[in-house]
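Novice: Just to be clear, the model below is a prediction. Sequence and coordinates:
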Amino acid sequence: MVLAGPTAVGKGTVAACIREEHPEIWISVSVTTRPPRPGEVDGVHYHFVDDTDFDRLVATGGLLEWAVVHGRHRYGTPRAAVEEQLAAGRPSLLELDLQGARQVRQNMPEALMVFLAPPSFEELERRLVGRGTESAEERARRLETAREELAAESEFDVTIVNTEVRAACSQLVDLFSSTHDFTSEAQ
């Protein structure tokens, strides 16, 4: 399953809720060339790499998808980790941006594509400003990208509106439950 949506919609927060409450669902850890934000841990939130290491992953086919996000840093999903989890039959979640979701749709058409939407654009802007991790210039760039990302909602199989994190998490888990038997896996 792919979870995508605009910047600051809460993809990471919803994924953290799933990680905490549903350890039976494997969540991919992306590779990125951007520096860590305060509190982010290498290997937990992202695998932080330099440009040379990222180039090597691209050249060797080590990424299922990758993209330049917000015109600045590169992000990608390690292919081997995803294939290993799928081969084991474990429910798997990829938290991606729009570019990455489109690549997964092309490379794995069987993936369920879920769009996480904000209740409104104003709420999205409030969340972005409220997290306080970007400069004014970066916020403006991200909001412009968000407008483009919101316009792509129709490309997805399902939309979940992230009005409240636990409710969005529950809706996402319900989608997994419709395709996986958690009762035997969780015990």
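Specialist: Nice, thanks for sending it over.
Novice: And the longest helix along the chain, what does it pack against?
Specialist: If you go by DSSP state H, the chain has its longest helix at helix 136-150. Helix 136-150 makes packing contacts with helix 121-131 when contacts are defined by 3 or more Cβ pairs under 8 Å, 6 or more residues apart in numbering; DSSP states H and E. For glycine as for every other residue, the C-beta is placed from the backbone atoms N, C-alpha and C.
Novice: picking up where we left off before, what comes up buried for the longest helix of the chain?
Specialist: Using 16 or more other Cβ atoms under 10 Å as the test for burial, helix 136-150 gives 139, 141-143, 145-146, 149-150.
Novice: with the residues you listed in mind, which one is nearest to Gly100?
Specialist: Glu149 (11.5 Å; Cβ to Cβ).
Novice: before we move on, back to that, out of the buried residues of helix 136-150, flag the one nearest to Ile27.
Specialist: Glu149 (20.5 Å).
Novice: what kind of secondary structure is the nearest residue to the closest one once chain neighbours are set aside in?
Specialist: Of all residues not flanking Glu149 in the chain, Pro6 sits nearest, at 4.0 Å (Cβ to Cβ, 6 or more residues apart in numbering). Three-state call for Pro6 (DSSP: H, G, I helix; E, B strand; the rest coil): coil.
Novice: For the helix or strand that contains Phe54, C-alpha coordinates in CSV please.
Specialist: Using DSSP states H and E, Phe54 maps to helix 51-59. In CSV, the C-alpha atoms belonging to helix 51-59 read as follows (Å, rounded to 0.1, in the frame of the first residue of the first chain):
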residue,chain,number,x,y,z
ASP,A,51,24.7,12.4,-2.9
THR,A,52,27.4,9.9,-3.8
ASP,A,53,25.6,7.1,-1.9
PHE,A,54,22.3,8.0,-3.4
ASP,A,55,23.8,8.1,-6.9
ARG,A,56,25.1,4.5,-6.3
LEU,A,57,21.7,3.3,-5.3
VAL,A,58,20.1,4.8,-8.4
ALA,A,59,22.9,3.3,-10.7
